[in-house]
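*Asks:* here is a sequence together with a model predicted from it:
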Amino acid sequence: MDTVRAFLIDSNKLFREGLKRLLDDSPFQIGAEAGNLREALNSVENGLRPQLVLLDLQNGGDEEAEGMRRLRAQLPDARMVILTSDLCTRRLANALEAGADGYLMKDLSSDALAQSLKLVMMGEKVFPTHLAALLISGRVNGNGTEMPVSRKGLSQREVQILRCLLNGDSNKMIANHLNITEATVKVHLKSLLRKINASNRTQAAIWALNNGIGGELAGAGVVAAAATAAHQ
């Protein structure tokens, strides 16, 4: 695997130094650091272009989620992975909605971390199997509440859009795939979210898995990626 330029965002300077040394013999080389999302955004606005962003969420609140979305918008081609000590479904859902490609615990071994990052760079979504199972089963959503179960009233187009959401497609990608405009996608998406009582794209995708839209393989693939990383 070729060398991957990584950007580490964490408030703990000692952790940043330790992780840099831990990854010294891996393809993942931390070439830039920041203590928070504000510093990170400044660096990116000044031209920093990493291939991989590693970051810790301090509280998982709306402000952090917005900072992540801004970072994702600035770095559309980079992979983004959350490194945290907090196993929280709400943070996971918020992180995925903001564009994260992985959610990993800080107590991973160095080998498991490297393997997980390799999966992420290959395009997999990687996060703890326990959280994956909870989300995909529909037992909890980002707010820790039960997911809706009714499929009544969805149009064929809305079902198509749900399948695109399962693939992680952006509005532009959905528009290209369905040969409609982005504005039309937004209208359908707004109607879809209201019908299934979901507040964001992540919850909609989880609802789709829970209600059999997209088939069993979609959910199985997410769990498999998480399980693979967890057992390396």
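*Replies:* Arrived safely.

*Asks:* now do Ser170 against Gln160, distance only.
*Replies:* To Gln160, Ser170 is 15 Å away according to Cβ to Cβ, to the nearest Å. Placement of C-beta: from N, CA and C, glycine included.

*Asks:* which residues in this protein form helices?
*Replies:* Remark: helices assigned in the chain by DSSP state H are 13-22, 37-45, 62-74, 89-97, 110-121, 129-137, 156-166, 171-178, 182-196, 201-210, 216-230.

*Asks:* also compute the angle for the fourth one relative to helix 201-210, please.
*Replies:* When axes from the mean of the first three to the mean of the last three Cα atoms, to 10 degrees is applied, the directions of helix 89-97 and helix 201-210 differ by 100 degrees.

*Asks:* closest to Phe28 out of the helices of the chain?
*Replies:* helix 110-121 (5.6 Å; Cβ to Cβ).

*Asks:* in that closest one, what counts as buried?
*Replies:* Buried residues in helix 110-121, counted by 16 or more other Cβ atoms under 10 Å: Ala112, Leu113, Ala114, Gln115, Ser116, Leu117, Lys118, Leu119, Val120, Met121.

*Asks:* average model confidence for stretch 76-90?
*Replies:* Averaging pLDDT along stretch 76-90 gives 82.

*Asks:* burial measure for Val44, as a count.
*Replies:* Counted with other Cβ atoms under 10 Å, the neighbours of Val44 add up to 21.

*Asks:* over to the one 3 residues further on?
*Replies:* When counting by other Cβ under 10 Å, one arrives at 6 neighbours for Gly47.

*Asks:* gap between it and Arg38?
*Replies:* With Cβ to Cβ as the criterion, Gly47 and Arg38 are 17 Å apart.

*Asks:* mind putting the helices of the chain into JSON lines with distance to Met80?
*Replies:* Below are the helices of the chain laid out as JSON lines (distance: least, Cβ to Cβ, whole Å):
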{"stretch": "helix 13-22", "distance to Met80": "16"}
{"stretch": "helix 37-45", "distance to Met80": "11"}
{"stretch": "helix 62-74", "distance to Met80": "6"}
{"stretch": "helix 89-97", "distance to Met80": "8"}
{"stretch": "helix 110-121", "distance to Met80": "9"}
{"stretch": "helix 129-137", "distance to Met80": "17"}
{"stretch": "helix 156-166", "distance to Met80": "18"}
{"stretch": "helix 171-178", "distance to Met80": "17"}
{"stretch": "helix 182-196", "distance to Met80": "22"}
{"stretch": "helix 201-210", "distance to Met80": "14"}
{"stretch": "helix 216-230", "distance to Met80": "16"}
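
*Asks:* return the most buried member of these.
*Replies:* Among the helices of the chain, ranked by average contacts under mean count of other Cβ atoms under 10 Å, first place goes to helix 201-210 (a mean of 23).
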